[in-house]
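In: Next one to model:
(chains A and B)
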Amino acid sequence: MIELSGVAKAFGARQILRDVSFTVEAGEVACLIGPSGSGKSTILRTINGLERHDAGTITVDGTLLSDKSLPAIRRKVSMVFQRFNLFPHRTVIENIIEGPVHVLREDPEAARARAVELLSRVGLADRADAHPGQLSGGQQQRVGIARALAMQPQAILFDEPTSALDPERVGEVLAVIRELAEDGMTMVVVTHEIAFAREVADRALFIDEGVIVESGPARDVLTAPSAERTRLFLDRVLRPH
Amino acid sequence: MSEFLTDAVAFLPVLARGLWTTVLLTVCALAVSLALGLVWALMGMSQYAPLRWTNNIVVNTVRGIPIIVQLFCVYFVLPDWGIDFPPFLAGVIGLGIAYSVYQAENLRGGFESVDRQLVEAGTALGMSRGMITRRIVMPLGLRTALPSFGNTTVMLLKDSSIASTITVAELTRSGQLLAISTFKNGTVYVLIALLYLAASIPLAMAVRALEKKAAWR
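Out: Numbers count the residues shown, from 1 in each chain, chains lettered A, B, ... in the order given. Coordinates of the predicted model:
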């Protein structure tokens, strides 16, 4: 479904990614973990072209990512952001139908009907006409997920979806992502929630200094890592004090 | 005092006509300045370098010439090239062009204040650059630009008095003619000042009300 091969990326003189290769199969949930600044968000952002990779190839659903294929790929892959990035001048439901109506050119009524369904799926059916500023962080992120789902994507990229949330709001967002995993949605999730990744992810990739240090079944990588760097990182994250 | 009042009553109809022309001139020049200003702002933010250079030249040229000279150029110089505007239209065009560069700065400031992450959200949804500008950057940026836009409009209202120099019979010009013919300089100019205030204060209040309405939370 998503395949990266030898992907490299530099910001000026700073090499962020070097030779990153991995495959995410359809229906698979892959978690990218690693210290901040390791390049895991950048990996995610190259997949939908928010960052342009310097070398290597990225293939989504059999389509090679290029300037020409980028619009088509963005229709197949949705994204959920750390800071939600909802449009503050539009209501919740307007945020959700923005893509379907204006990018996919769907009928506004049909898009609205589906948006209402998505809202009840993320538990916010009663907040359709609220503005994002009136919602809690957890609620905003659930709208962000509904907005991503409204594009009827084949895969969703999550960029630290719970990092900007108050601790007591994390659970409600993870619950929605967990449900998506059960429904078989293909997902690539950058996260610091190790316990969640262990439970939900099929595969975990540990990234450090722009390379994949270790990858494998989530349970193995996150419980009994084989690489020393992964072990040190997990120790630090799981026993921070 | 009673003499001031009798004179005021006698002069007001003439001055009111002038004020009406001032308001009309301001509104028309405002429309021109906003339309042109939007073009300059979008050019200034364009991804194509030649458009940005052109915008730079236009903005610096227009900003570097006094408004009164710009009005003279439109009213006295253009006829030499066979382009002859009546005074009011020359005033609208001259003030509109002169103010377009300030409006462009207001708009650009607003547009650039829009959170880049919202632009990314639009990009990730597959929106084109133009669609992002229309549906995200412009509606959000305009709200941010509103206060400075209000200031500029009040300045434009006052600077419309410069059109008196190209014989537009707006408030200042009507007052000058009245003062010359009646020798009542004091009464006339106090009245003019009050009438400008009567127009600019409600304008500032209207913009403030608009700002409140545009706030989304």
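In: Quick check: which ranges of the chain have low pLDDT?
Out: Just so you know, I chose chain A. When residues are selected by pLDDT under 70, those of chain A lie in A:240-241.
In: Please refer instead to chain B.
Out: Applying pLDDT under 70 to chain B picks out residues B:1, B:215-217.
In: can you rerun that using 50?
Out: B:217 (pLDDT under 50).
In: Would you mind finding the longest helix in it?
Out: Counting by DSSP state H, the longest helix found in chain B is helix B:2-44.
In: What helices and strands are in contact with that one?
Out: helix B:49-64, helix B:87-113, helix B:138-159, helix B:171-182, helix B:185-214 (3 or more C-beta pairs under 8 Å, 6 or more residues apart in numbering or on different chains; DSSP states H and E). C-betas here are computed from N, CA, C, even on glycine.
In: how far is that helix from where the chain is centred?
Out: Offset of helix B:2-44 from its chain centre (C-alpha atoms, centre = their mean, to the nearest Å): 10 Å.
In: relative orientation of that helix and helix B:87-113 in degrees?
Out: Helix B:2-44 runs at 50 degrees relative to helix B:87-113, counting by axes from the mean of the first three to the mean of the last three C-alpha atoms, to 10 degrees.
In: What residues does chain A have near chain B?
Out: When proximity is defined as C-beta under 8 Å from any C-beta of the partner chain, chain A approaches chain B at A:48, A:50, A:71, A:74-75, A:78-79, A:81, A:83, A:85-89, A:98-99, A:102-104, A:131, A:133-134, A:147, A:151.
In: Among those residues, name the ones in helices.
Out: Using DSSP H, the subset of the residues of chain A next to chain B located in helices is A:71, A:74, A:75, A:98, A:99, A:102, A:147.
In: Out of these, which end up buried?
Out: If you count burial by 16 or more other C-beta atoms under 10 Å in any protein chain shown, the buried members of those come out as A:74, A:75, A:98, A:99, A:102, A:147.
In: what number of residues lie near the closest residue to the last one other than its chain neighbours?
Out: Taking C-beta to C-beta, 6 or more residues apart in numbering or on different chains, and ignoring the residues beside it in sequence, residue A:147 has residue A:96 as its nearest neighbour in space, at 5.0 Å. Here the count is done by other C-beta atoms under 10 Å in any protein chain shown, and residue A:96 has 31 residues near it.
In: Now do the contacts for residue A:96.
Out: Listed by C-beta atoms under 8 Å, 6 or more residues apart in numbering or on different chains, the contact set of residue A:96 reads A:115, A:118, A:119, A:143, A:146, A:147, A:150.
In: change it to 10 Å
Out: Contacts of residue A:96 were listed using C-beta atoms under 10 Å, 6 or more residues apart in numbering or on different chains, and they are A:86, A:90, A:111-112, A:114-116, A:118-119, A:122, A:124, A:128, A:143-151.
In: mind checking which helix or strand the residue nearest the centre of chain A is in?
Out: Centroid check for chain A by C-alpha atoms, centre = their mean gives residue A:158 as the closest residue, at 1.3 Å. Using DSSP states H and E, residue A:158 sits in strand A:155-159.
In: try residue A:120
Out: Using DSSP H and E, residue A:120 maps to helix A:108-121.
In: Okay, buried residues for that helix please.
Out: For helix A:108-121, by 16+ other C-beta under 10 Å, it's A:111, A:112, A:114, A:115, A:116, A:118, A:119, A:121.
In: I'd like those residues written out as JSON lines, with distance to residue A:26 added.
Out: Below are the buried residues of helix A:108-121 laid out as JSON lines (distance: C-beta to C-beta, whole Å):
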{"residue": "A:111", "distance to residue A:26": "25"}
{"residue": "A:112", "distance to residue A:26": "29"}
{"residue": "A:114", "distance to residue A:26": "22"}
{"residue": "A:115", "distance to residue A:26": "25"}
{"residue": "A:116", "distance to residue A:26": "28"}
{"residue": "A:118", "distance to residue A:26": "21"}
{"residue": "A:119", "distance to residue A:26": "26"}
{"residue": "A:121", "distance to residue A:26": "21"}
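In: Am I right that residue A:164 sits in a strand?
Out: No. Secondary structure of residue A:164 (DSSP: H, G, I helix; E, B strand; the rest coil): coil, not part of a strand.
In: and the gap between it and chain B?
Out: 11 Å (C-beta to the nearest C-beta, to the nearest Å).
In: ok, that residue touching residue A:136?
Out: No. Using C-beta atoms under 10 Å as the test, residue A:164 is too far from residue A:136 to be in contact (11.5 Å).
In: contacting residues for residue B:76?
Out: Taking C-beta under 10 Å, 6+ apart, we find residue B:76 in contact with B:90, B:166.
In: Next: residue B:73.
Out: Neighbouring residues of residue B:73 by C-beta under 10 Å, 6+ apart: B:65, B:90, B:94, B:97.
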